[in-house]
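1. Predicted model follows, preceded by the sequence.
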Amino acid sequence: MLTISVIIPTYHRPKELERCLEALKKQNRQADEVLVTVRDSDTETWTFLASFDPQPLPLHIIKVSVSVPGVVAAMNMGMDAASGDIIAFTDDDATPHTDWLERMEAHFLSDSNIGGVGHSVRKGGTRSSGTSAVVWQSHRRTSLRGGRSP
């Protein structure tokens, strides 16, 4: 079995983040690690996280320095802290389907040559094969580390 780390970059959207985290609690295949990257100046989100009950999520919060703004910096900080074989990203305003992680892991287990999996959905969670925004993507850690495990 592979381990899965889910990374959620967030900024000033605590209600959306709560919906996302609640959806992750309902996954058929639970994440081994959930990392939320939050900018240090985002008091709304810090207030929410202080009162949020993460059970059963293995939740870790990563503080992103204001000197390094942007979602890419937040995603990179999450990747640096992640320990999973598979790294999965979701937006804070996404509500992953209950089979999201289960299906993702099945793809990786079905073929050792798979290095990344992606899917797109429309707003509201309707599946689409079009060019809508990517809501999740994942990568085997070995493919991101030059063929080496950390």
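-> Sure, I can see it.
2. ok, which stretches of this protein are helices?
-> 14-25, 43-51, 71-81, 100-110, 141-144 (DSSP state H).
3. State the mean pLDDT of the fourth one.
-> When you say that, I think you mean helix 100-110. If you average the pLDDT over helix 100-110, you get 90.
4. ok, now the shortest one?
-> The predicted model gives helix 141-144 an average pLDDT of 39.
5. which stretches of this protein have low pLDDT?
-> Flagging of the chain using pLDDT under 70 yields the residue ranges 66-68, 119-150.
6. Against residue 92, how distant is residue 41?
-> Distance, residue 41 to residue 92, using C-beta to C-beta, to the nearest Å: 16 Å. C-beta coordinates here come from the backbone N, C-alpha and C atoms, glycine included.
7. Can you get me a residue count around the residue lying closest to residue 23 once chain neighbours are set aside?
-> Excluding the flanking residues, the one nearest residue 23 by C-beta to C-beta, 6 or more residues apart in numbering is residue 95, at 4.5 Å. Neighbour count for residue 95, taken as other C-beta atoms under 10 Å: 19.
8. follow-up on the earlier one: make CSV out of the helices of the chain and add mean neighbour count and distance to residue 64.
-> Compiled in CSV, the helices of the chain are given as follows (neighbours: other C-beta atoms under 10 Å; distance: least, C-beta to C-beta, whole Å):
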stretch, mean neighbour count, distance to residue 64
helix 14-25, 18, 14
helix 43-51, 14, 11
helix 71-81, 16, 5
helix 100-110, 17, 24
helix 141-144, 15, 20
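9. I'd like the distance from stretch 1-20 to the chain centre, please.
-> With C-alpha atoms, centre = their mean, to the nearest Å as the basis, stretch 1-20 stands 5 Å off its chain's centre.
10. Equivalent analysis for stretch 37-55, please.
-> Averaging C-alpha positions (C-alpha atoms, centre = their mean) puts stretch 37-55 16 Å from its chain's average.
11. Endpoint to endpoint, it covers what distance?
-> End-to-end span of stretch 37-55 (C-alpha to C-alpha, to the nearest Å): 18 Å.
12. Can you tell me what sits against that stretch?
-> Residues outside stretch 37-55 that contact it (C-beta atoms under 8 Å, 6 or more residues apart in numbering): 7-14, 17-18, 21, 34, 36, 61-66, 69, 74-75, 77-78.
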